[in-house]
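A.B. asks: build me a structure from this.
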Amino acid sequence: MDAADHGGLLGIDARPLYERLAADIRADLVSEAGADGARLPSERRLTERFGVSRVTVRAALNELKAQGVLVSLPARGWAVARGSLEGAGRLGRDRVQGFSDLASQRGLRMRSRVLETAIRPATVHEADLLRTVPGTELFEMRRVRYLNDLTIAVEHNRLPLSIAPAMGEADFSETSLYALLRAADPPQSPRYADYSVEARNATKEERELLDIDGPVPILSATQLTFNQDSQPIELTVQAYRGDRYTFHASITD
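C.D. replies: Just a heads-up that it's a prediction; the model follows:
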């Protein structure tokens, strides 16, 4: 779930200021359809525009350089790198972050309680979404996710077993699903996702699993994740405690 960072875990954006600024600058470039080689405003102009220090602006620009979005031009400032923003209007085009990735980025302790895992045939609906054949073996898992020992979400994952057969043997109370995918042969790199979210009442089971006592809403998120070849590899439904999760997205043409 970065990068496509569509969730504000615990309702707090704990990223360093320079990372938030880098995301804002990139969003501006996407919305303005920044072309390859387009020059950015000067660091002084960016400092004035965003109300931050020159040091923060420089750190943000260097972060975008490390991501391959910008190139530095000696004595001439900064410009958009070739091909770096192609298709960037789609949520998380560069890399989708998993729950473990986000927790690590924010310096939070993550753990999971695996409720069940199974290998079973894909239904017609699942096969249609994952662009495979009904009856194809799926790896299925349900987990409760915790951050700093606070219950955050119940997660239901479904993936074609063939993309990473090691899923059937992994201990996902400790193992990161996305780390396992990236280590598969061939590697499966979650690049972008179609994502929808809705508010609803919790089911009886969700209230028990999420330690809900009182009128706390659920944010139910459905995510279809695609790999580097634009092939769908993961169908996930997450039920978040509404008092510990907020949704953020950048919307462009």
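
A.B. asks: contacts, neighbours, all on C-alpha from now
C.D. replies: Fine.

A.B. asks: helices and strands around the lengthiest helix in the chain, which ones?
C.D. replies: In the chain, ranked by residue count with DSSP state H as the criterion, the top helix is helix 17-31. Packing partners of helix 17-31 (3 or more C-alpha pairs under 8 Å, 6 or more residues apart in numbering; DSSP states H and E): helix 54-66.

A.B. asks: what residues of the helix it packs on count as buried?
C.D. replies: By neighbour count with 16 or more other C-alpha atoms under 10 Å, helix 54-66 contains the buried residues T56, V57, R58, A59, A60, L61, N62, E63, L64, K65.

A.B. asks: so how far is R106 from the residue nearest to the last one when sequence neighbours are not counted?
C.D. replies: Distances taken as C-alpha to C-alpha, 6 or more residues apart in numbering place V71 nearest to K65, at 5.7 Å, with adjacent residues excluded. Using C-alpha to C-alpha, to the nearest Å, one obtains 27 Å as the distance from V71 to R106.

A.B. asks: so for these two, which sits in the more crowded spot?
C.D. replies: Comparing V71 with R106 by other C-alpha atoms under 10 Å, the one with more neighbours is V71, at 20 against 15.

A.B. asks: quick check: which element contains the more buried one?
C.D. replies: Using DSSP states H and E, V71 sits in strand 70-73.

A.B. asks: so for the residue nearest to K65, what pLDDT did the model give?
C.D. replies: For V71, the model assigns a pLDDT of 86.

A.B. asks: quick one, strands of the stretch 151-253 of the chain?
C.D. replies: Using DSSP state E, counting those that start in this stretch, the strands assigned to the stretch 151-253 of the chain run over residues 192-200, 218-226, 232-241, 245-247.

A.B. asks: all set, thanks.
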